[in-house]
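J.: Sequence and predicted structure below; questions after.
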Amino acid sequence: ENTALSLPDKTAIWSRERTYTYRESLEIVSQLGHYFLSIGVRPGELVAVYLMNSPEFIFIWLALMSIGAAPAGINYNLNGDGLLHCIKVPKAKFVVVDDDAACRERIEEVRPNLENELGITILSLSEVMRKATTSFPKTTPDEKYRLNVKESFPLMLIYTSGTTGLPKGCAFTTSRFYAGASVVKPTDDRWYCCMPLYHGTGAVWTLARLVSGTSVAIGRKFSTSNFWNDVRDSESTWFIYVGETVRYLLNNPPSPRDKDHKLYGML
């Protein structure tokens, strides 16, 4: 909120669909915060998010924070028992589902379990955004909702990969985030992230840069064929990566445009 007030017209988020200034982002986040309050989300609760990368993922995350709640970031490739398990862990009353056809299909497979056995309400991303941005005020939700958030409360519930069994929920705490984000200073860089926002690396570094006043660019997912086009078109100068990503990029066939970009750093 403070960043949006001090840098209202600076680009906050770039995506293929559109860009958002800090002012626009704060307004959408505020509307979403009021929407979540209206459907019964309360401080201290977690909302499951089964979403691919998008500006809306970040808006929903910040909106939940604005009312003292938080997301449980679920791997959008999960299905069946693994998916059900991850939605059960945070004791969520709601799960927000991406409009991607494959995501919707996987949710439909477990809909009876979610709705009938667990009493969880399924919310489609497009409907959440439509209702929030057409029916709710752009003013920030009352501070009382986030005043008593404890340092140990999750900024996001992040899951392990599940290689030794079902994924385990790990709380990336609010105090841990702010301890790191407090030393991040605003720059004129733009950080590109195509790593999953449900994963710690992509999520935490993207949010830390954004709230500090540094613009971010969001790629839908990692793709060797789309990576450099996204980097060029977004004019990104840094990118956020995980291990093998770089090897895949290096294995790309040489291109005359290999040096046609502004990228100079990676983290």
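T.: Received, thanks. Residues are numbered from 1 along each chain as shown.
J.: which residues of the stretch 1-150 of the chain fall in helices?
T.: Here the stretch 1-150 of the chain has its helices, by DSSP state H, counting those that start in this stretch, at 2-6, 22-39, 55-66, 80-88, 101-112, 125-135.
J.: So which of the ones you listed is nearest residue 94?
T.: Proximity to residue 94 (C-beta to C-beta) singles out helix 22-39 among the helices of the stretch 1-150 of the chain, at 7.0 Å. For every residue, glycine as well, the C-beta is placed using N, CA and C.
J.: Which helix or strand lies directly C-terminal to the worst-scoring helix or strand of the chain on mean pLDDT?
T.: None of the helices or strands of the chain scores lower by mean pLDDT, DSSP states H and E than helix 174-181, at a mean of 80. Note on helix 174-181: by DSSP states H and E, the next helix or strand toward the C-terminus is strand 190-193.
J.: Let me know which of the helices of the stretch 1-150 of the chain is tucked in deepest.
T.: Among the helices of the stretch 1-150 of the chain, helix 55-66 has the highest mean neighbour count (mean count of other C-beta atoms under 10 Å), at a mean of 24.
J.: Against which helices or strands is that one packed?
T.: When contacts are defined as 3 or more C-beta pairs under 8 Å, 6 or more residues apart in numbering; DSSP states H and E, helix 55-66 packs onto helix 22-39, strand 46-50, strand 70-73, helix 125-135, helix 200-212, strand 215-218.
J.: With distance to residue 64 and mean pLDDT as new columns, can those be given to me in CSV?
T.: Below are those laid out as CSV (distance: least, C-beta to C-beta, whole Å; pLDDT from 0 to 100):
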stretch, distance to residue 64, mean pLDDT
helix 22-39, 6, 98
strand 46-50, 6, 98
strand 70-73, 5, 98
helix 125-135, 12, 97
helix 200-212, 12, 92
strand 215-218, 18, 98
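J.: Residue 23 and residue 4, how far apart?
T.: Computed as C-beta to C-beta, to the nearest Å, the residue 23 to residue 4 distance reads 6 Å.
J.: Looking at the helices and strands packed on helix 55-66, which is nearest to residue 93?
T.: strand 46-50 (7.7 Å).
J.: Do I have it right that residue 32 meets residue 132?
T.: Yes. At 4.6 Å, residue 32 counts as touching residue 132 under the criterion of C-beta atoms under 8 Å.
J.: Which residues does the least confident helix or strand of the chain contact?
T.: With contact meaning C-beta atoms under 8 Å, 6 or more residues apart in numbering, helix 174-181 is reached by 149, 150, 151, 152, 153, 154, 155, 204, 207, 208, 211, 212.
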